[in-house]
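Chemist: with the input below, show me the fold.
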Amino acid sequence: MTYVRLVGLYFKIGILNELQYRVNFFVQIFQSILSLIVALGGLAVVFDHTTNLNGWTSPELLAVVGVYFMIGGLINLVIQPSMQRFMEDVRQGTLDFTLVKPQDAQLLVSIRQIQIWKLVDVLIGIVVLGIGLTQVGKTVGIEQALGFGIALIAGGAIVYSFWLILATCAFWFVRIDNILVIFESMYEAGRWPVGIYPGWLQFTLTFLVPIAFAVTVPAEALTGRLTPQTLIGALALAAVMLTVSRIFWRIGMRHYSGASA
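Modeler: Numbers count the residues shown, from 1 in each chain. You can find the predicted model right below:
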């Protein structure tokens, strides 16, 4: 319960900070609409020449775009800004201020920076997802909704763990921002199901940079493509990634010298 209140407190602080710069809200709307136009334009170009893409119809791919915006919004809402601030604190030695607080340091660095206007992307994703599912014409039952929720949580845990592992490398390397830029660039591939890519790229987007578990797998749950084996695999990978990232975090903490060094 203490952790829930702590998360709520950081969200409240994030909202108050962002409200100082309300023009950012309109900038975010413009950026989100522009990104949506680009994504929908890509779909229009593809389906102007074919009726399906590796078995995926246009409405189903619209649902994938919706999930893509939802997950991307959540990443940019808290994970990406928090990890970037964490890396900056490590470089400057100001992580000390976090470590002296009477709460788990990993939790604090994971939620301390909130970009509240990124909720615009989340809302756009929900709307696009709803439109896509309506056009598909399939009724989303309890089983599909439950599978979607589980896959979404597992995918979020995998992406968070991946970001934490990359950010923790800041304890050894001066600047690793370029690595995070590479992840953001590869996330663009999540607009499409990973099954349409060549085998080597499917492997990369599934295991090296886990975009598939963040976007494609939840979308498969809603479109009736998700198998129990894939869902179990996503949960198992989430558990492994959370454990590995925690261990890696503790190893990194032992190498942090602080501002007084």
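Chemist: pull out the buried residues from stretch 23-33.
Modeler: 28, 32 (16 or more other Cβ atoms under 10 Å). Glycine gets a C-beta too; all of them are placed from N, C-alpha and C.
Chemist: run through who's touching stretch 112-120.
Modeler: 10-11, 13-15, 17-18, 24-25, 28-29, 32, 73-74, 76-78, 81-82, 84-86, 98 (Cβ atoms under 8 Å, 6 or more residues apart in numbering).
Chemist: swap the cut-off to 7 Å and go again
Modeler: For stretch 112-120, contacts defined as Cβ atoms under 7 Å, 6 or more residues apart in numbering pick out 10-11, 14-15, 18, 24-25, 28-29, 32, 73, 76-78, 81-82, 85.
Chemist: what about T50, which SS state?
Modeler: State at T50, reduced to three classes by DSSP: H, G, I helix; E, B strand; the rest coil: coil.
Chemist: equivalent analysis for the one 10 residues further on, please.
Modeler: Of the three states, E60 takes helix under three-state DSSP.
Chemist: where does it land on pLDDT?
Modeler: E60 is assigned a pLDDT of 87 by the prediction.
Chemist: measure it to L53 for me?
Modeler: Between E60 and L53 the computed distance is 9 Å (Cβ to Cβ, to the nearest Å).
Chemist: list the buried ones in whatever helix or strand L119 lives in?
Modeler: Using DSSP states H and E, L119 falls within helix 119-136. Buried positions in helix 119-136, judged by neighbour count with 16+ other Cβ under 10 Å: 119-122, 124-125, 128-129, 132-133, 136.
Chemist: by how many degrees do the helix or strand that it is followed by and helix 119-136 diverge?
Modeler: Using DSSP H and E, the next helix or strand after helix 119-136 towards the C-terminus is helix 142-168. Relative orientation of helix 142-168 and helix 119-136, computed by axes from the mean of the first three to the mean of the last three Cα atoms, to 10 degrees: 150 degrees.
Chemist: show me what secondary structure element comes after helix 142-168.
Modeler: As assigned by DSSP H and E, the chain's next helix or strand after helix 142-168 is helix 177-187.
Chemist: run a quick check on C169 versus I176, I expect a contact.
Modeler: Yes - using Cβ atoms under 7 Å, C169 is in contact with I176, at 5.1 Å.
Chemist: quick check, pLDDT for D177.
Modeler: 69.
Chemist: measure stretch 220-235 end to end?
Modeler: Separation of the first and last residues of stretch 220-235 by Cα to Cα, to the nearest Å is 15 Å.
Chemist: that stretch: how far from the chain's middle?
Modeler: Chain-centre distance of stretch 220-235: 18 Å, with Cα atoms, centre = their mean, to the nearest Å.
Chemist: what's in contact with that stretch?
Modeler: Against stretch 220-235 from outside (Cβ under 7 Å, 6+ apart): 60, 63, 133, 136, 138, 140, 144, 147-148, 150-151, 154-155, 213, 217.
Chemist: now the buried members of those residues.
Modeler: Neighbour-count burial (16+ other Cβ under 10 Å) is assigned, among those, to 60, 63, 133, 136, 140, 144, 147-148, 150-151, 154-155, 213, 217.
Chemist: G66: neighbour count?
Modeler: A count of nearby residues for G66, using other Cβ atoms under 10 Å, gives 26.
Chemist: surely it meets V128?
Modeler: Yes - contact criterion Cβ under 7 Å: G66 and V128 qualify, at 3.7 Å.
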